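Peer 1: Predicted model and sequence below, questions to follow.
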Amino acid sequence: MLRHYLERGLSKAALARELGVSRRTLYHWIETGQLDRELDDAPVRSGPRPSVVRKLDPYRALIRTRLAQFPELTAVRLLEEIRAAGYSGGYTQLKAYVRELRPVEAAEPVVRFETPPGHQAQVDFAEFRLPWGKRYAPLVVLGYSRLLWLQYYPHQSLDVLIEALEAAFGYFGGVPAELLFDQMKAVIIADRRPDDGSLLENARFGRFAAHWGFRIRACRPYRARTKGKVERPIRYARQSFFYGRDFVSDADLNAQALAWMEQVANVRLHRATGERPRQRFERDERALLQPLARRSFRALLPTPAPVPEAPSAGSPLPTVERGPLSVYAHLVQAHGGAA
């Protein structure tokens, strides 16, 4: 058929398109005399393809070992680890291999309740266990850009929350119009609500909100839509940052968390928005945040007066000399009657 078309004067480019082959293949058939040989009667049988050596192959055992130790490690974390071991390949083949080892069931899609830039941030506490005790991480996520902030504290209290929010506002460079909270372990919202459903605020936290200029909002009616912007990042922080990583102290823990925010969490391609949180924040949200307060709320609180220390039980008492009153009268006369 190819000879027939060539004899009719069709161009080789047109023949290649018609036959669905490249021009290089067509030239190869002509130059090697394929047009003159008889057709084969035997069916064509394809053999197995030769195996291709991939850059990932030397690191497959390491990946399997790490996933056996920490089954929830993300492909991003594994990429960081095998690159430290010398891997020079890309992320795609690693992600495909991790999916082979750990198939992921498709999650039911949830439509998130979106908010305009600068309007809302969501706040929640997460608990983490370390060799030296529990640590609590207040996590703040801007609802529009998904830019997140977190640090670790030894307690979960109102004082910690106030300190954390002031640090988060400084990190964002501004204050959102409202903060969305869950029950927060009764730190902010009272453990009961009146019949009309209004939010009961801790009085001190209400003054803190007024100082920074944001409104307090309760999470309702449907948590998966309204609150998921902070609950999913908590799970993401556990898997991408905390899980399978070593820390030596609280200072080291918080320093690594800040580095992870800057290098991974806030520059990744966010699945829900399809953009990188840092780029989305700088482009659309930073300019719409409210300005920072001139002074921190903690700086306005009165400093309690120091309590004088009582003498310890083991300290010696002063020695008092005892004597009759005649002795003191004699002393007064000796000094000219001066009392």
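Peer 2: Now that the structure is in, tell me what you want to look at. Residues are numbered from 1 along each chain as shown.

Peer 1: Checking residue 59 next. Helix, strand or coil?
Peer 2: Following DSSP: H, G, I helix; E, B strand; the rest coil, residue 59 is assigned to helix.

Peer 1: Quick check: residue 261 touching residue 149?
Peer 2: Yes. Residue 261 is within contact range of residue 149, at 6.8 Å (criterion: CB atoms under 8 Å). In short, each C-beta sits where N, CA and C put it, glycine included.

Peer 1: how about the strand or helix carrying residue 62: buried residues?
Peer 2: In this assignment (DSSP states H and E), residue 62 forms part of helix 60-69. Within helix 60-69, the residues that count as buried by 16 or more other CB atoms under 10 Å are 63, 66, 67.

Peer 1: Same list (these) but as a markdown table, adding pLDDT and distance to residue 136.
Peer 2: What follows is the buried residues of helix 60-69, written out as a markdown table (pLDDT from 0 to 100; distance: CB to CB, whole Å):
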| residue | pLDDT | distance to residue 136 |
| --- | --- | --- |
| 63 | 91 | 32 |
| 66 | 89 | 28 |
| 67 | 88 | 29 |
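
Peer 1: So which of these is the closest to residue 171?
Peer 2: Nearest to residue 171 among those is residue 66, at 31.1 Å by CB to CB.

Peer 1: Nearest spatial neighbour of the closest one, chain-adjacent residues omitted?
Peer 2: Nearest residue to residue 66, sequence neighbours excluded (CB to CB, 6 or more residues apart in numbering): residue 73, at 5.9 Å.

Peer 1: What ranges in the chain fall below the confidence cut-off?
Peer 2: By pLDDT under 70, the weakly predicted segments of the chain are 37-47, 103-113, 182-202, 219-231, 299-339.

Peer 1: change it to 80
Peer 2: 1-10, 12, 18-20, 30, 33-52, 103-114, 181-203, 218-232, 298-339 (pLDDT under 80).

Peer 1: Could you pick out the longest helix of it?
Peer 2: Counting by DSSP state H, the longest helix found in the chain is helix 158-172.

Peer 1: before we move on, back to that, tell me the gap between the helix holding residue 62 and the middle of its chain.
Peer 2: Helix 60-69 has its C-alpha centroid displaced from the chain centroid by 24 Å (CA atoms, centre = their mean, to the nearest Å).

Peer 1: What ranges does the stretch 1-150 of the chain have for its helices?
Peer 2: In the stretch 1-150 of the chain, the helices defined using DSSP state H, counting those that start in this stretch lie at 2-7, 12-19, 23-31, 60-69, 75-84, 91-101.

Peer 1: for the ones you listed, which one sits closest to residue 177?
Peer 2: Proximity to residue 177, assessed across those by CB to CB, is greatest for helix 75-84 (32.4 Å).

Peer 1: following the longest helix of the chain, which helix or strand shows up next?
Peer 2: Per DSSP H and E, helix 158-172 leads on to strand 178-181 as the next helix or strand towards the C-terminus.

Peer 1: What residues of that following strand count as buried?
Peer 2: Of all the residues in strand 178-181, those buried under the rule 16+ other CB under 10 Å are 178, 179, 180, 181.

Peer 1: Bridge partners for the first one, pull those for me.
Peer 2: Residue 178 has these beta-bridge partners by DSSP bridges: residue 120, residue 215.

Peer 1: Tell me if I'm right that it and residue 217 touch.
Peer 2: Yes. Using CB under 8 Å, residue 178 is in contact with residue 217, at 5.0 Å.

Peer 1: Identify each buried residue in the helix or strand where residue 257 lies, please.
Peer 2: Element membership for residue 257 (DSSP H and E) is helix 250-260. Neighbour-count burial for helix 250-260, counted by 16+ other CB under 10 Å, picks out 250, 253, 254, 256, 257, 260.

Peer 1: want to throw these into a markdown table with distance to residue 14?
Peer 2: Listed next are the buried residues of helix 250-260 as a markdown table, based on distance: CB to CB, whole Å:
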| residue | distance to residue 14 |
| --- | --- |
| 250 | 73 |
| 253 | 68 |
| 254 | 68 |
| 256 | 62 |
| 257 | 63 |
| 260 | 57 |
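
Peer 1: what's the closest of these to residue 77?
Peer 2: residue 260 (10.1 Å).

Peer 1: give me every residue that touches the closest one.
Peer 2: Each residue near residue 260 by CB atoms under 8 Å, 6 or more residues apart in numbering is listed here: 240, 241.
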